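Asks: sharing a sequence plus its predicted fold:
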There are 4 protein chains.
Amino acid sequence: MLRGLTSAGLGKVENDEQLIALASEYGFQAVDVDAQGLVERHGVEGARELLASHNLVIGSIGLPVEWRKTDEDFQKGLTKLTQVAAAAASLGCTSCCTYILPSTDYKAAHFMTLATRRLRICAQILGAYGIRLGLEFVGPHHLRTAWKNPFIWTVQETLDWIEAIGEPNVGLLFDAYHWYTNELTVADIEALRADQIVHVHINDAPDVPVSEALDNGRIYPGEGVIDLAGFLQALNKIGYRGAVAQEILSANPPSDSPEQLAKRSKAGFDKVFQAAGL
Amino acid sequence: MLRGLTSAGLGKVENDEQLIALASEYGFQAVDVDAQGLVERHGVEGARELLASHNLVIGSIGLPVEWRKTDEDFQKGLTKLTQVAAAAASLGCTSCCTYILPSTDYKAAHFMTLATRRLRICAQILGAYGIRLGLEFVGPHHLRTAWKNPFIWTVQETLDWIEAIGEPNVGLLFDAYHWYTNELTVADIEALRADQIVHVHINDAPDVPVSEALDNGRIYPGEGVIDLAGFLQALNKIGYRGAVAQEILSANPPSDSPEQLAKRSKAGFDKVFQAAGL
Amino acid sequence: MLRGLTSAGLGKVENDEQLIALASEYGFQAVDVDAQGLVERHGVEGARELLASHNLVIGSIGLPVEWRKTDEDFQKGLTKLTQVAAAAASLGCTSCCTYILPSTDYKAAHFMTLATRRLRICAQILGAYGIRLGLEFVGPHHLRTAWKNPFIWTVQETLDWIEAIGEPNVGLLFDAYHWYTNELTVADIEALRADQIVHVHINDAPDVPVSEALDNGRIYPGEGVIDLAGFLQALNKIGYRGAVAQEILSANPPSDSPEQLAKRSKAGFDKVFQAAGL
Amino acid sequence: MLRGLTSAGLGKVENDEQLIALASEYGFQAVDVDAQGLVERHGVEGARELLASHNLVIGSIGLPVEWRKTDEDFQKGLTKLTQVAAAAASLGCTSCCTYILPSTDYKAAHFMTLATRRLRICAQILGAYGIRLGLEFVGPHHLRTAWKNPFIWTVQETLDWIEAIGEPNVGLLFDAYHWYTNELTVADIEALRADQIVHVHINDAPDVPVSEALDNGRIYPGEGVIDLAGFLQALNKIGYRGAVAQEILSANPPSDSPEQLAKRSKAGFDKVFQAAGL
């Protein structure tokens, strides 16, 4: 598995170039960046060299399409999606992810039909560039009632949705925080196949009741109560070999410098990977 | 358009052979029957002759698969589906229908993923035999809350679901009662393309507030308050040429003889088709 | 059916604005234009007004994607496809077409797998904007051996391909010349459903043996040997209501002025529509 | 990886029960059997116990559908497919395979459209039971011209076909003989993902020029010239953990007893697995 960084948890990172420099300095192997931006600023060759010279690959990019609102909103994102996918593919990236809010103001069943069709179109476009689409189920309890109607938030629901979408290149973004807030076990991970997982997020939870763990209350790996050793061991056991990217969402951005935070992140990764025997 | 009969509304019809005889006697052109049963009792050639000698075609068959419960229940119906589809195709039938309950005890969004996948499989199997799958949206208000969670019941929701299923051979079963209980207009029909409609049901509603019209409170065409002339004109205008089959669901079966009820049905059809200028 | 014009057959038409003016002047109801170009030059509102003030709709646009070569070539066209589709949809156009060369230098079966996947992606993208994809089978005999291996050129092969693509929004571009060079009959058209036809081309063939009719040897409707009255009657009979667009491919561009050629086109349409009783 | 046996190469094996006994006796872990037959003769529980008591799982079953001929032939197999899939699933089998003849008397591109659609339907049905469909590319040179037109026979062509089919549960049946007769390398296997492989066949080739290796001229693993150590190492390296089933097709059935042949098979497996360091 590749140790990965996102900018979430590094405070005021100025740009992806700084993220790349920090990731490299602290021994990470993957970064989640804006591939299109890199290509625009450096050209394809320049961006490839920037990554290669830092011994980094791109872990994943974000899906630049609004699939949760109107058809018009959705349509507007498709040109961008083709551009982003082309840029990502040119840099060797094969993963693009989006998250699923666990409740919705729309009528849930109807919204599911719209979302299914839209994500299928996104998956087809991404597939044209050899990229997979990862869907992130979102576990924190408070979000399940943040909007009027419950949507989906469990692994099984997400896997069933993936089957409904029906495209070969769709899988899970598996986030430790959502695994924890869904109160899942190591066995639940071991029941998966590696090819069902497109990307992995890692982070930790404070010592509060699970039902009170807030989505933006995440902390650094190894500083909380999630069994991250078990999490990593299970992913390794089923053969997952992709990126495990730190994503720390917090109510207030950390005040330390990106440098200090990257160092702290490295310490967290060292701790939990060591605990996992990896 | 073909005038069609189902056994719903004919009281104690003994079997499809009687339904066929009555349909023919009273000038109907289509019957919704158990195609497989006909073939089992008469052979393919015999069943074809039975229909042809009565100047009848099959309007539609019912989907013999339980897609609303567990995966196991669903799987169990697939063998039957292949047999029923083969029998129907051998008799020239190209339509197979199922209805959508407007509420569900399952979590609505999750159930939609399961149902989407299952109906796609059914559509694929039916498509192998040249048969289309019609989905009947169900409008009566009381059913929208008959189970825990709202599912879908409008034309637009159903069309969006059909796009989510994503197979070319899926369309609407358009029932006059559900058009009425959804408080739709002639313009709503005229906004459709004929090829979006797989089958049509006709029946009428008693003079009660729309929101109190019960699913099993239907009456004979022309005896109630639905604008069936407008309904038929709109279907004709968009080019629909398939069967319009009477389906009268009632709390208690009518006590008249099938012969009397078929005669009454004919009178109803005469009235509304004449009113429609067809 | 809508009388339609393309620029093929009008000689040196300067731009789509001239095509629109000529189409309007000579009583046509549809034009095949570059929707994106119109929108770029006039804005969405301006382009809508330009069409509306000339009593014209867009018949169809061309598929701006190279699906016959490498994956890289294909990928490069997808951004453009999203832009073109958005422009076309903004002008009310619901049809986008491409043609199928009847032979290929690639291994035929393998190329079919690539082309199937690519056109499915195109269909999905177009579907996001409410646009259908029309596939034009190409009949002239000389093209069947113009490249190393036979590909497909019949209606049935194309319908089977459409089923293999498996998207609901794919159908035929039905061209009179290819109907003729496939030696098909009125009954072959009557065996189709209107919804299987996305767009229609009309033109005529010189009085040479069918097997010698060249793809770029087409002449004006009513000036040749194709039974265009039967062609139009059959399309009308099955309920086709879209555009019938003149497309005249010739080895040398006609030397008459666009004005003269549009007038001649009108005369041809008058003749064959009258002969068809339409 | 699981050592697997098929009856091909064991001479006159009387039935699957004998195959199971021999497989168990000689240390195999998987058998390719007729799951439906086992269930018919032993019941689901009995068949499960038969397998479990011999420490065996089912490697794969054969696709019981004629997808290479007419639509009617294809349709006839679908009922059987649902039954076979249900039986296989009840015994824990998740793999069903078919082979691709590398040439065809049909027009190749057209046949590809038909075959694509048919195998998609099969994949959908199998998917309903949690079963994957494995497609076996067939390499021997003489078969590439055994019928009129070349079809497909390479790994890449088959992967491209799998993308054209477009279902998530379709992958490769990877046979050592076809790997060899396609003159592929260890690197070609290492370029695959484990999840692209549904099943594996192992066998060996005589010391004749590759282009003269006959499809039914296969010999026992370790007795020929194929680099089976490299083959197994590469499969292991990419993470394939399924069955590697011996399949020896020969012009004349071996005359030795099944017992002797099973013993010989074990010796072959021991040799090549040892050579591979597995």
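Replies: In hand now; what should we look at?
Asks: list, one by one, the residues from chain A near chain C.
Replies: With CB under 8 Å from any CB of the partner chain as the criterion, chain A meets chain C at residues A:74-76, A:78-79, A:81-83, A:86, A:89, A:118, A:120-121, A:124-125, A:127-129. Yep, even glycine has a C-beta here, placed from its N, CA and C like the rest.
Asks: just the buried ones from these?
Replies: A:74-75, A:78-79, A:81-83, A:86, A:89, A:118, A:120-121, A:124-125, A:127-129 (16 or more other CB atoms under 10 Å in any protein chain shown).
Asks: from the stretch 101-250 of chain A, which residue is nearest to chain D?
Replies: The nearest approach of the stretch 101-250 of chain A to chain D comes at A:Asp195, 3.6 Å away (CB to the nearest CB).
Asks: ok, now which ones touch that residue?
Replies: The neighbourhood of A:Asp195, defined by CB atoms under 8 Å, 6 or more residues apart in numbering or on different chains, consists of A:171, D:193-195.
Asks: and it, which of the three is it?
Replies: Following DSSP: H, G, I helix; E, B strand; the rest coil, A:Asp195 is assigned to helix.
Asks: how close does it sit to D:Gln196?
Replies: Per CB to CB, to the nearest Å, A:Asp195 is found 9 Å from D:Gln196.
Asks: then A:Ala191?
Replies: Separation of A:Ala191 from D:Gln196 (CB to CB) stands at 21 Å.
Asks: and if you look at A:Arg218?
Replies: Computed as CB to CB, the A:Arg218 to D:Gln196 distance reads 35 Å.
Asks: ok, the nearest residue to A:Glu212 once chain neighbours are set aside - how many residues close by?
Replies: Spatial nearest neighbour of A:Glu212, excluding adjacent residues (CB to CB, 6 or more residues apart in numbering or on different chains): A:His141 at 7.4 Å. Neighbour count of A:His141, defined by other CB atoms under 10 Å in any protein chain shown: 18.
Asks: residues touching A:His141, list them.
Replies: A:His141 is in contact with A:181, A:210-213, counting by CB under 8 Å, 6+ apart.
Asks: now intersect those with the helices, please.
Replies: In helices, judged by DSSP state H, the following of the contacts of A:His141 are found: A:Thr181.
Asks: which helices and strands does the biggest helix by length in chain A pack with?
Replies: Using DSSP H, we find that the single longest helix of chain A is helix A:108-128. Judged by 3 or more CB pairs under 8 Å, 6 or more residues apart in numbering or on different chains; DSSP states H and E, the packing partners of helix A:108-128 are helix A:78-90, strand A:132-136, helix A:155-165, helix B:108-128, strand B:149-150, helix B:155-165, helix C:108-128.
Asks: near chain B, which residues of chain A?
Replies: Residues of chain A lying close to chain B (CB under 8 Å from any CB) are A:104, A:107-114, A:116-117, A:120, A:149-152, A:157, A:160-161, A:163-164, A:166.
Asks: just the strands in chain A please.
Replies: With strands called from DSSP state E, chain A shows them at A:2-5, A:30-31, A:57-58, A:61-62, A:95-99, A:103-104, A:132-136, A:149-150, A:170-175, A:197-202, A:243-246.
Asks: got the angle between the fifth one and strand A:170-175?
Replies: So the one you mean is strand A:95-99. Interaxial angle, strand A:95-99 versus strand A:170-175 (axes from the mean of the first three to the mean of the last three CA atoms, to 10 degrees): 70 degrees.
Asks: and strand A:95-99, does that touch chain D?
Replies: No. Judged by CB under 8 Å from any CB, strand A:95-99 makes no contact with chain D; its nearest approach is 13.5 Å.
Asks: list the residues that contact the closest residue to A:Gly9 other than its chain neighbours.
Replies: Sequence neighbours aside, A:Ile248 is the residue nearest to A:Gly9 in space, at 3.1 Å (criterion: CB to CB, 6+ apart). Applying CB under 8 Å, 6+ apart to A:Ile248 gives the contacts A:8-9, A:203, A:218-220.
Asks: can you pick the most crowded of those?
Replies: When neighbours are counted by other CB under 10 Å, A:Arg218 leads the contacts of A:Ile248 with 30 neighbours.
Asks: doesn't A:Gln246 make contact with that one?
Replies: No. Counting by CB atoms under 8 Å, A:Arg218 sits too far from A:Gln246 to count as a contact (9.7 Å).
Asks: and for those two, which residues touch both?
Replies: Jointly contacting A:Arg218 and A:Gln246 under the rule CB under 8 Å, 6+ apart are A:9, A:203.
Asks: burial of A:Asn182, as a residue count?
Replies: Around A:Asn182 there are 22 other residues, counting by other CB under 10 Å.
Asks: mind putting the contacts of A:Asp195 into JSON lines with pLDDT?
Replies: As requested, the contacts of A:Asp195 are exported to JSON lines (pLDDT from 0 to 100):
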{"residue": "A:Gly171", "pLDDT": "98"}
{"residue": "D:Arg193", "pLDDT": "96"}
{"residue": "D:Ala194", "pLDDT": "95"}
{"residue": "D:Asp195", "pLDDT": "96"}
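Asks: drop anything exposed from the residues you listed.
Replies: Using 16+ other CB under 10 Å as the burial test, the contacts of A:Asp195 include A:171, D:194-195 as buried.
Asks: go through the residues you listed and say which is closest to chain B.
Replies: Compare each of the buried ones among the contacts of A:Asp195 with chain B using CB to the nearest CB and the shortest gap goes to A:Gly171, at 15.0 Å.
Asks: where's the closest one relative to D:Gln124, distance?
Replies: For A:Gly171 relative to D:Gln124 (CB to CB), the value is 19 Å.
Asks: need the residues of chain A near chain D, please.
Replies: Within reach of chain D by CB under 8 Å from any CB, chain A has these residues: A:127, A:163, A:166-168, A:170, A:193-195, A:239.
Asks: give me that answer again for 6 Å
Replies: Within chain A, the positions adjacent to chain D are A:168, A:195, A:239 by CB under 6 Å from any CB of the partner chain.
Asks: C:Gly59: which of those is nearest?
Replies: C:Gly59 has its nearest neighbour among the residues of chain A next to chain D in A:Pro168, at 35.7 Å by CB to CB.
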